[in-house]
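Engineer: sequence first, predicted model second:
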Amino acid sequence: MFYFEIVGTLRCYCQKGMEVLSHTSWPRTKQGYENMQKLYATSNLKANRFAFLAYVAKDRGAAQEAFASIDKPLLEVWTRKDVFDSVQAWATAP
């Protein structure tokens with residue numbers, strides 16, 4: 001869970017966040033999110049972060065599940081609404 005929490009904030013707070021994300025473990029991040037969901041449920045912020053991370057990892061299934069939990073896009077994660085819309089379209093494409 002802590003791994004997901006740390007990785008989830010890298011994009012938001014680190015200038016080189018995208019570069020740093022390429023050095024993280026997607027399986028470990030995904031497992032951390034799943035554990036958090038089971039124990040504590042999730043929040044809109046965490047679902048947005050997980051959807052973004054799933055997109056970066058090219059895990060369409062995980063992104064699709066995350067988007068189903070998102071109440072509204074958070075620009076602190078996506079930077080722009082059109083980025084959110086584009087990634088959501090990718091995740092939900094057949």
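Structural biologist: Structure received.
Engineer: low-confidence ranges in the chain?
Structural biologist: The model of the chain has pLDDT under 70 over residues 11-20.
Engineer: pull the longest helix from it.
Structural biologist: Counting residues, the longest helix found in the chain (DSSP state H) is helix 26-40.
Engineer: output stretch 78-87 as CSV - backbone C-alpha positions only.
Structural biologist: Extracted C-alpha coordinates of stretch 78-87, given in CSV (Å, rounded to 0.1, in the frame of the first residue of the first chain):
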residue,chain,number,x,y,z
TRP,A,78,-4.2,14.7,-15.3
THR,A,79,-3.1,18.3,-15.8
ARG,A,80,-5.9,18.9,-18.4
LYS,A,81,-9.4,17.5,-19.0
ASP,A,82,-8.5,16.5,-22.6
VAL,A,83,-5.7,14.3,-21.3
PHE,A,84,-8.2,12.6,-18.9
ASP,A,85,-10.7,12.1,-21.8
SER,A,86,-8.1,10.7,-24.1
VAL,A,87,-6.8,8.2,-21.6
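Engineer: check which helices and strands the longest helix of the chain sits against.
Structural biologist: Packing partners of helix 26-40 (3 or more Cβ pairs under 8 Å, 6 or more residues apart in numbering; DSSP states H and E): helix 2-13, helix 44-56. Just so you know, the C-beta spots here come from the backbone N, C-alpha and C atoms, and that holds for glycine as well.
Engineer: spell out for me which residue occupies the centre of the protein.
Structural biologist: Phe50 (2.1 Å; Cα atoms, centre = their mean).
Engineer: what helix or strand is the closest residue in space to it that isn't next to it in sequence on?
Structural biologist: Spatial nearest neighbour of Phe50, excluding adjacent residues (Cβ to Cβ, 6 or more residues apart in numbering): Ala66 at 4.5 Å. Element membership of Ala66 [criterion: DSSP states H and E] is helix 60-68.
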